[in-house]
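**Q** fold the following for me, if possible:
(one chain, ligands or ions: 2)
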Amino acid sequence: MLPWLSACYVAATLSAEYGREQALGSESISNEADKCVKCGLCLAVCPTYSLLHVETESPRGRVALMQAVVDAGEAAEGRLAAHLDHCLSCRRCEPACPSGVAYGALMDDMRALRFEQSSLPTRGVGRWLRAMLTGRPFGWAVGLQRILPALGRWGRAVKRWPRGTFSNGMNYVGDESSERPLVLLFPGCVSRHLDTALLDDTEWLLKRLGFRVRRSDELRCCGALHRHAGDGSRAERLETANRAFFERDGVHAVVSIASACAAHLHETNRDVPVFEVSDFIARHLPESGLKPGTLELNVLLHVPCSQQYPGPGSDPLERLLTSIPGVNWHYPESGFGCCGAAGSYMFREPEMAARLLQPLLGEIRAAAVDCVVSTNIGCALHIASGLDDATPVRHPISLLVEALIVRNEG
Ligand code: SF4
Ligand code: SF4
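**A** Ligands and ions are numbered 1, 2, ... in the order given. Next up is the predicted model:
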C-alpha cells in the first residue's frame, strides 16, 4: 500500500469516531484561570516558550488569554487563537505550578468552548477537519494544505513499521485457568492497525508472566483525541463504553501499549486499575524468573509527555532496559522536553511540530544510536517520520521480547 494511503487510512479510522460536540461553560474556565498568581514558575518547563520565547506562548500567557476570551464573551480568532492552538497539552506546566492550576483540564474546557463556537461542518469528513482545525473558521482549505506534507512524512514512517514480530509463530497458549488474573489488553485506535505485532508480543509476554489475556475489537478509542480536540460529548460516550467493558467479568487490570491511551484511561477509570504496559511488566518481571538474553544496543530513551504527566514516569522504562544485558541507554540532552507529536498536534500544527522535533533528531543522528525507544505510538511515528535513515524507533516491550526469545534461543 502506498505510504500516504496508509496514513489516510489511519486518519479515516480516527475521523470515524467523531460526532457532535458539547461545549462546557465559560465559568469553569474563568474559575480555574483565577488560580494563576502570575509567578512564572511554569515558563521554564514549557516547550513552546522554550522554542519561541514570547509570553503568549507560555502557560502563564495562555491562562491570561483564556481569561480574556471568556471575559469578552467572544470567540478566539487570528493570532490569539494561534497562541492557544500552539499548546501541546503536554501538561509539563502542571507539576511546576504552586497554585495547582489544572492546566490540562483548563485547555480541554477552552477547546470545547471553541469547538462549539466554530462554524465548520459537523458531519462526514468535515467533522474530522473541524476537530483538527478547531478555531479556524473558513481556514480549513489552508489547513488541509498544511497537513498534507505531514501526512506524507507520517506515511513513510508507517511504511517502516511494524515494531515487533518476535513472538510470531511461537503459539504460546499459556494456562487459561480461571485462577490466573485476567488482563484486558487495550488495543488503541491507531495501535490496533499499526502495532498488531507489538500487541502479539505483549500478549505472549503477559501469558509468560502468568496472566490470562483478553483482546477485543469491541473496545473503542480511549477518547483522548476527542477530549483534547474539544469534542467532550463524543469523548464521554467512548469513555463510558470502555468503562462498561472494563467492569465485566472480573478484569484484574487493563494494560495499554500506548502511553497516551494509558494516561487517559487511567484518569477516566477509577474502579479498574489501568497500566501503561512498561509499568505493568516492570512490576511483574522480577518475580517471574524470566531472564533476558544479551542485546548489544546503544539506545536513546525518549520519554513521552503522557508517560510523565500523569503516567508512571521514566522509572519502569529504566528498570526494563537495565534488565536486558548489553543495552546501554541514555536520555536526550537537547531539545525542549517534547518531540512535538502530541496526538493530533503534528497534523494541526505541522510547522511547530517539526521545529520542536529538530533538536531531538539532531541528537539521534549525532549519537549514532542503534535505536530510539518510545512508549507512545504517536511520538514513535513522529520521530520516525524525521529519520530517513534506518534508525528504528522501537517499543521497550519489543526489545524485551526479542531479548527473551531470540537471544535466549541463540
Ligand atoms: S501544556 Fe505544555 S505546551 Fe501547553 S502551556 Fe503547558 S507546558 Fe506549555
Ligand atoms: S506556575 Fe501556575 S500560578 Fe505561576 S504563572 Fe504558571 S500557571 Fe500561573
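
**Q** so what touches the helix or strand containing residue 355?
**A** Applying DSSP states H and E as the criterion places residue 355 in helix 350-367. Identification of contacts with helix 350-367 by Cβ atoms under 8 Å, 6 or more residues apart in numbering yields 47-48, 51, 86, 88, 146-147, 149-150, 298, 300, 302, 330, 332-336, 338-342, 345-346, 372, 382-383, 386-387, 389, 391. For the C-beta atoms, the positions are set from N, CA and C on the backbone; glycine is no exception.

**Q** could you find the closest non-adjacent residue to the residue in the stretch 251-400 of the chain positioned nearest to ligand 2?
**A** Across the stretch 251-400 of the chain, no residue is closer to ligand 2 than residue 309, which sits at 14.2 Å (Cβ to the nearest ligand atom). Nearest residue to residue 309, sequence neighbours excluded (Cβ to Cβ, 6 or more residues apart in numbering): residue 91, at 4.1 Å.

**Q** the one you found and residue 104 touch, don't they?
**A** Yes: assessed by Cβ atoms under 8 Å, residue 91 is found in contact with residue 104 at 4.4 Å.

**Q** what touches both of these two?
**A** residue 309.

**Q** how close does the residue positioned nearest the centre of the chain sit to residue 371?
**A** In the chain, the C-alpha nearest the mean C-alpha coordinate belongs to residue 260, at 3.2 Å (Cα atoms, centre = their mean). As judged by Cβ to Cβ, to the nearest Å, residue 260 and residue 371 stand 21 Å apart.

**Q** kindly report the same for residue 288.
**A** 25 Å.

**Q** in this structure, where is pLDDT below threshold?
**A** Scanning the chain for pLDDT under 70 picks out 1-25, 118-150, 154, 158-177, 389, 407-410.

**Q** residue numbers of it in contact with ligand 2?
**A** 36-42, 59-60, 63, 96-97, 99, 101 (Cβ under 6 Å from any ligand atom).

**Q** out of those, who's nearest residue 315?
**A** residue 96 (19.7 Å; Cβ to Cβ).

**Q** I figured that closest one hits residue 39, correct?
**A** No: look at residue 96 against residue 39 with Cβ under 8 Å: they stay out of range, at 9.6 Å.

**Q** which of these two has more neighbours?
**A** Between residue 96 and residue 39, residue 96 has the larger neighbour count (other Cβ atoms under 10 Å), namely 17 against 12.

**Q** quick one, phi psi at the more buried one?
**A** Torsion angles at residue 96 (phi, psi; degrees, to the nearest 10) stand at phi -80, psi -10.

**Q** thinking again about what came up before, now the helix holding residue 355: buried residues?
**A** 350, 352-357, 359-361, 363-364, 367 (16 or more other Cβ atoms under 10 Å).

**Q** so is that helix next to ligand 1?
**A** No: interface with ligand 1: helix 350-367 contributes nothing (Cβ under 6 Å from any ligand atom), its closest point being 9.4 Å away.

**Q** report the distance from that helix to the chain centre.
**A** Offset of helix 350-367 from its chain centre (Cα atoms, centre = their mean, to the nearest Å): 18 Å.

**Q** do the same with stretch 277-296
**A** Stretch 277-296 has its C-alpha centroid displaced from the chain centroid by 23 Å (Cα atoms, centre = their mean).

**Q** quick check: end-to-end length of it?
**A** 23 Å (Cα to Cα, to the nearest Å).

**Q** buried ones in that stretch?
**A** Using 16+ other Cβ under 10 Å as the burial criterion, the residues of stretch 277-296 that qualify are 277, 278, 279, 280, 281, 282, 285, 290, 292, 293, 295.

**Q** quick check: the two most widely separated of the residues you listed?
**A** 279 and 293 (23.0 Å).

**Q** could you pull out the strands for the stretch 151-300 of the chain?
**A** In the stretch 151-300 of the chain, the strands defined using DSSP state E, counting those that start in this stretch lie at 182-186, 212-214, 253-256, 274-276, 297-301.

**Q** list the strands paired with the second one, with their directions.
**A** In other words, strand 212-214. Strand pairing for strand 212-214, determined by DSSP bridges: strand 182-186 (parallel).

**Q** now do the fourth one
**A** Here strand 274-276 is paired, per DSSP bridges, with strand 253-256 (parallel).

**Q** outside of the strand it pairs with, which residues touch it?
**A** Identification of contacts with strand 253-256 by Cβ under 8 Å, 6+ apart yields 181, 183-186, 188, 202, 206, 222, 246, 262, 265, 269, 272-277, 280.

**Q** and if we set it to 6 Å?
**A** When contacts are defined by Cβ atoms under 6 Å, 6 or more residues apart in numbering, strand 253-256 is touched by residues 183, 184, 185, 186, 246, 262, 272, 273, 274, 275, 277, 280.

**Q** redo those residues as TSV? Include distance to ligand 1.
**A** TSV is the format used below for those (distance: Cβ to the nearest ligand atom, whole Å):
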residue	distance to ligand 1
183	31
184	30
185	29
186	24
246	28
262	18
272	27
273	26
274	22
275	24
277	24
280	26
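
**Q** filter those residues to the buried ones?
**A** Using 16+ other Cβ under 10 Å, the buried ones in these are 183, 184, 185, 186, 246, 262, 272, 274, 275, 277, 280.

**Q** contacting residues for the fourth one?
**A** Listed by Cβ under 6 Å, 6+ apart, the contact set of residue 186 reads 254, 256.

**Q** residue 225 - how many residues pack around it?
**A** Quick note: residue 225 (other Cβ under 10 Å) scores 25 neighbours.

**Q** same question for residue 57.
**A** For residue 57, the neighbour count with other Cβ under 10 Å is 21.

**Q** I figured it hits residue 49, correct?
**A** Yes: between residue 57 and residue 49 a contact is recorded at 5.3 Å, counting by Cβ atoms under 6 Å.
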